[in-house]
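Engineer: Got a predicted structure plus its sequence, pasted below:
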Amino acid sequence: MVNLIAKSPCANLLPRTIGTVTATEVEPGPVTLIQPRRGAPDLNLPAPNRMSGKDGARLLWFGRGQYLLMGAAPDAELAKHAALVDQSDGWAWVRLDGAGAEDVLARMIPLDLRPQTFKRGHTARTEIAHMSGSITRLGDASLLICVFRSMANTLVHDLTVAMKAVAARR
Amino acid sequence: MPARYGDSLFRLLVARAEELGGGTYGMEALNVLRIEKGFITHAEIHGRVTAFDIGMERMVSAKKDCIGKTMAERPGLSGPEREQLIGLKAIGPVQEMPAGAHLFETGAQPVRENDLGYVTSSGFSPTLGRMMAMGFLKNGRQRIGDTVKLVDHLRGVTTTCEVTQTVVFDPEGGRMRG
């Protein structure tokens, strides 16, 4: 058997700090899309636009009737009540930290991301620089975004342009 | 194969292929290979041709009905008036046969009224050491061996071509079937 080298979506692209904002790749471990079947019992899933859990095992609302489990493999029992799809290699995850992270993302995402509106634990499916993705607030100045893995390079490019523009205005 | 190993797998496959004298190839190489074998693509089956035009009318079952069969049997959609798929080989000093060029009788004026067909695909074959092309020519299957004039009004190319079979490399298929 051959030894293949694993490569993360943003390898050689991140981390990158411009001004006060740092973009870092997040490798969440196992990622599973959960789609509960009709008539499934209460699975204690997060409400729409909300995240539950924390580092190690997060559960993101990921669109109507869809949830994303990150950082832990689902219990095998769950397959009785929901369709489970392994998406561990499907998404490129980037965390944005630092003062002005919202200002950077305001140039890429058409949502009100101010902390008083988009609070810790809030999540949304949205477009990120015209790419389909998701955004979640992890902390006061910490946001997690993702796009399709194949678009990692474009995401980092557009992030860099936005980070430079925000830094130049400070 | 999880996507995280894609980069590594590709490099490994290329390295193994190069050990055997192979390697990667691109779309242009693929295009050259398929023209050599007379394999058609969207350039030929562009929506205005019938199975008859590409010489595949015998693949339409005579016993069973199918979508498009009634239309295909209408007068004017088969016969010697149709432009039929052929190969082209330049026989003058100009070897270029650009796709989009039109075909005329050698003595005829290259004007719309005299148009006999057009070139659909063209490329250089390293195996044959020459340019090759495919196209449609009025009553083309009865004209194999004839000489026609090729004129590309847009690029200003004029040349003389011999009409050939569409398959110019290994027409018996011996390499494929062993």
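Structural biologist: Noted; the coordinates are in hand.
Engineer: Could I get the full set of helices for chain B?
Structural biologist: B:6-19, B:27-36, B:69-72, B:174-177 (DSSP state H).
Engineer: Now do the strands in chain A.
Structural biologist: A:16-18, A:21-26, A:31-36, A:51-54, A:57-61, A:67-70, A:82-86, A:91-97, A:123-128, A:131-139, A:142-148 (DSSP state E).
Engineer: correction: chain B
Structural biologist: Counting by DSSP E, the strands of chain B are B:83-90, B:102-105, B:117-125, B:130-138, B:147-152, B:157-164.
Engineer: what's around residue 159, how many residues?
Structural biologist: By default, I'm working from chain A. Using other Cβ atoms under 10 Å in any protein chain shown, A:Leu159 has 26 neighbouring residues. Any C-beta I mention is one placed from the backbone N, CA and C, and that applies to glycine too.
Engineer: think we crossed wires, I meant chain B
Structural biologist: Neighbours of B:Thr159 using other Cβ under 10 Å come to 21.
Engineer: Close to chain B: what parts of chain A are there?
Structural biologist: Taking Cβ under 8 Å from any Cβ of the partner chain as the contact definition, chain A meets chain B at A:2, A:4-8, A:88-90, A:149.
Engineer: quick one: which two of those are the most distant?
Structural biologist: Between any two of those, the greatest separation by Cβ to Cβ is 23.6 Å, found for A:Val2 and A:Gly90.
Engineer: the more surrounded of these two?
Structural biologist: Each of A:Val2 and A:Gly90 has its neighbours counted (other Cβ under 10 Å); A:Gly90 has more, 17 against 8.
Engineer: For residue 72, which non-adjacent residue is closest in space?
Structural biologist: You didn't say which chain, so I picked chain A. Nearest non-adjacent residue to A:Ala72, counting by Cβ to Cβ, 6 or more residues apart in numbering or on different chains: A:Ala57, 4.0 Å away.
Engineer: that's the wrong chain, I meant chain B
Structural biologist: B:Thr50 (5.3 Å).
Engineer: For that neighbour, give its distance to B:Gly68.
Structural biologist: Look at B:Thr50 and B:Gly68: by Cβ to Cβ, to the nearest Å, they are 9 Å apart.
Engineer: who has more neighbours, the two?
Structural biologist: B:Thr50 (20 against 11).
Engineer: Quick check, that one in contact with B:Arg74.
Structural biologist: No. The pair B:Thr50 / B:Arg74 is not scored as a contact, 9.4 Å apart, by Cβ atoms under 8 Å.
Engineer: give the contact list for the closest residue to B:Met132 other than its chain neighbours.
Structural biologist: Distance criterion Cβ to Cβ, 6+ apart; nearest residue to B:Met132, sequence neighbours excluded, is B:Ser125 at 5.1 Å. B:Ser125 sits next to B:32, B:35-36, B:131-132, B:168-169 when contact means Cβ atoms under 8 Å, 6 or more residues apart in numbering or on different chains.
Engineer: Select only the buried ones of the residues you listed in PyMOL?
Structural biologist: Typed into PyMOL, the next command selects the buried ones out of these (criterion: 16 or more other Cβ atoms under 10 Å in any protein chain shown):
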select buried, chain B and resi 32+35+36+131+132+168
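Engineer: Give me the helices and strands touching the lowest-mean-pLDDT helix or strand in chain B, please.
Structural biologist: Lowest on mean pLDDT, DSSP states H and E among the helices and strands of chain B sits helix B:174-177, with a mean of 86. Applying 3 or more Cβ pairs under 8 Å, 6 or more residues apart in numbering or on different chains; DSSP states H and E, one finds that helix B:174-177 contacts no other helix or strand.
Engineer: related to what we said a few turns ago, looking at the helices of chain B, which is buried most?
Structural biologist: helix B:27-36 (a mean of 15; mean count of other Cβ atoms under 10 Å in any protein chain shown).
Engineer: how about stretch A:2-14: buried residues?
Structural biologist: By neighbour count with 16+ other Cβ under 10 Å, stretch A:2-14 contains the buried residues A:4, A:8-10, A:13-14.
Engineer: quick check, nearest of those to chain B?
Structural biologist: Nearest to chain B out of the buried residues of stretch A:2-14 is A:Leu4 (Cβ to the nearest Cβ; 4.1 Å).
Engineer: what does chain B put close to chain A?
Structural biologist: Going by Cβ under 8 Å from any Cβ, the residues of chain B near chain A are B:2-9, B:12.
Engineer: Among those, which one sits closest to B:Val111?
Structural biologist: Proximity of the residues of chain B next to chain A to B:Val111 (Cβ to Cβ) peaks at B:Gly6, which lies at 53.9 Å.
Engineer: Any figure for the gap between that closest one and B:Leu30?
Structural biologist: B:Gly6 is 21 Å from B:Leu30, by Cβ to Cβ.
Engineer: And A:Pro41, how far from A:Asp55?
Structural biologist: According to Cβ to Cβ, A:Pro41 and A:Asp55 sit 28 Å apart.
Engineer: follow-up on the earlier one: Throw the residues of chain A next to chain B into CSV and include distance to A:Met51 and pLDDT, thanks.
Structural biologist: Putting the residues of chain A next to chain B into CSV (distance: Cβ to Cβ, whole Å; pLDDT from 0 to 100) gives the following:
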residue, distance to A:Met51, pLDDT
A:Val2, 38, 79
A:Leu4, 33, 92
A:Ile5, 32, 93
A:Ala6, 26, 94
A:Lys7, 27, 94
A:Ser8, 22, 95
A:Ser88, 18, 96
A:Asp89, 21, 96
A:Gly90, 18, 96
A:Arg149, 21, 96
